[in-house]
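> Next input, structure requested:
(2 chains)
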Amino acid sequence: MYKDKLTYSRQLDQEELSSMDKTLKREINLARNIQSQLLNGKTPVFQGGKVSGASIPARLIGGDYYDFYPLVNGKLRIVIGDVMGKGIPAAMLMILTRGAFRSAAETTKSPAETLMSMNQALYSDLRILKSFVTLLCADWDPASSVLTYANAGHHLPLFIQAKQEKVEEVPKVKGIMIGGLPNQQYTNKSIQLSNQDTVFFYTDGIIEALNEDKEQYRLERLIQTLLLHKEKGVEEIQTSVLASVEAFTNGLAQRDDITMVVLKINDQQVEITSLNSPLMK
Amino acid sequence: MIAFSIKAISEQEAVICLDGDLDIDSTEVVEENILPEMESYSQITFDFSKVPFVDSSGMGLLLNIVHALHDQHKSIKIINVNEDVQIVFDLLQIPEIIGEDIFL
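Okay, here's the model as predicted:
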């Protein structure tokens, strides 16, 4: 009788475990769908250039983040970021970051103000949660072809100049990562872009991808890949970078989330008036 | 997975030699092994000479170690950071966040 009871109890546990397993899988899939929908939202369409973003999590869901926010003055606010950690905890904080960005973008006048506002909003939560977020925020002005950016501990974007055979980081601007220190001020820097220039924003999952010999992909390889494909369109540049990283890692499991945003300028006459935001595709 | 060894200099002072990548897989080692081992020391030096790579999770762990030990009024130093790791430290402005005097 006692044995039977034990047997019964064990069977129940297995059923419960199986049920929990199913529930967990279902909820992870739902969470992945939510994140995917939020991350892969509408890409803005505007005259004077083209923009595209892509994010590939290392696990089912990830902590990398990019977003576009069309401003009422016709500019486009771009953000790319990396939440500390991976998987579900990072994904939860990524959603928090997205909310803070959307809210800050609405009310702030520049990338530096957006980062300051986001740090104000998120600092105490991130300290409690022992986490942080690196962010690069930029305003693209299609009317003047000026890109203004501010940095919170993130990798600087790469500037691919159409007229020169070189790829280099945009001029350095420093800033403490979101959640690092309270009451931070950030600095704006600007660059003038010309026809067919490209700006490549990215997260460290690209340059820190490892091959079988434990070598990193590194910034140098990324620069070579971008030089090789600089004539291509934004989506093709993304595909080329991903293909290059995949060829380098040769089937090895992806170690970190990979995210990139590509902005490319084209020759079209820009006709944007104030209160004329970019359209969302 | 990161490994570590402790070299006691005196009753108060110890050097912790980390060995391996400091990343998300180091979380349990740091929280369950390294931090409890630090309780009896008041001056702690982390030797990073055998740490080839630190990712964002590892950086978070490092910040948490430093904050936790500072809260216990312990003195902390970090030595022998390799060039690649130093680039990440500088990018994230870790010295500004935890104190430039920590790095030797």
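> now the strands: where do they sit in chain B?
Using DSSP state E, the strands found in chain B span residues B:3-8, B:13-19, B:43-50, B:75-79.
> Would you format those strands as TSV with distance to chain A included?
(C-beta placed from N, C-alpha, C; glycine too.) Converted to TSV, those look like this (distance: least, C-beta to the nearest C-beta, whole Å):
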stretch	distance to chain A
strand B:3-8	16
strand B:13-19	15
strand B:43-50	14
strand B:75-79	17
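> right, and those - which one's nearest A:Ala150?
Distances from A:Ala150 to each of the strands of chain B were compared by C-beta to C-beta, and the smallest falls on strand B:75-79, at 28.2 Å.
> If we ignore the residues flanking it in sequence, what's nearest A:Arg59?
Nearest non-adjacent residue to A:Arg59, counting by C-beta to C-beta, 6 or more residues apart in numbering or on different chains: A:Gly87, 4.6 Å away.
> Any figure for the gap between the closest residue in space to B:Val66 that isn't next to it in sequence and A:Leu181?
Counting by C-beta to C-beta, 6+ apart, B:Ile98 is the residue found nearest to B:Val66 once chain neighbours are left out, at 4.6 Å. As judged by C-beta to C-beta, to the nearest Å, B:Ile98 and A:Leu181 stand 10 Å apart.
> same check, this time on A:Ala91
Spatial separation of A:Ala91 from A:Leu181 under the definition C-beta to C-beta is 25 Å.
> Same question for A:Thr108.
In this structure, A:Thr108 and A:Leu181 are separated by 19 Å, where distance is defined by C-beta to C-beta.
> Kindly report the same for A:Ala247.
A:Ala247 sits 40 Å away from A:Leu181 when distances are taken as C-beta to C-beta.
> Leaving out sequence neighbours, find the closest residue to B:Ser49.
Excluding its sequence neighbours, the residue lying closest to B:Ser49 (C-beta to C-beta, 6+ apart) is B:Asn80, at 3.7 Å.
> Verify the contact between that neighbour and B:Thr45 for me.
No - with contact defined as C-beta atoms under 8 Å, B:Asn80 does not reach B:Thr45; the gap is 9.7 Å.
> So for the two, which sits in the more crowded spot?
Applying other C-beta atoms under 10 Å in any protein chain shown to B:Asn80 and B:Thr45 shows that B:Thr45 carries more neighbours, namely 20 against 15.
> Who are the contact partners of the more buried one?
For B:Thr45, the contacting residues are B:13-16, B:76-79, by C-beta atoms under 8 Å, 6 or more residues apart in numbering or on different chains.
> Let's see if you can find the most crowded of the residues you listed.
Using other C-beta under 10 Å as the neighbour definition, the contacts of B:Thr45 reach their maximum at B:Ile78, which records 22 neighbours.
> how many neighbours does the closest residue to that one other than its chain neighbours have?
Distance criterion C-beta to C-beta, 6+ apart; nearest residue to B:Ile78, sequence neighbours excluded, is B:Phe46 at 4.9 Å. B:Phe46 is flanked by 24 other residues according to other C-beta under 10 Å.
> Skip ahead from the helix with the most length in chain A and say which helix or strand is next.
Using DSSP state H to assign secondary structure, the helix with the most residues in chain A is helix A:2-39. The element immediately downstream of helix A:2-39 (helix or strand, assigned by DSSP states H and E) is strand A:44-45.
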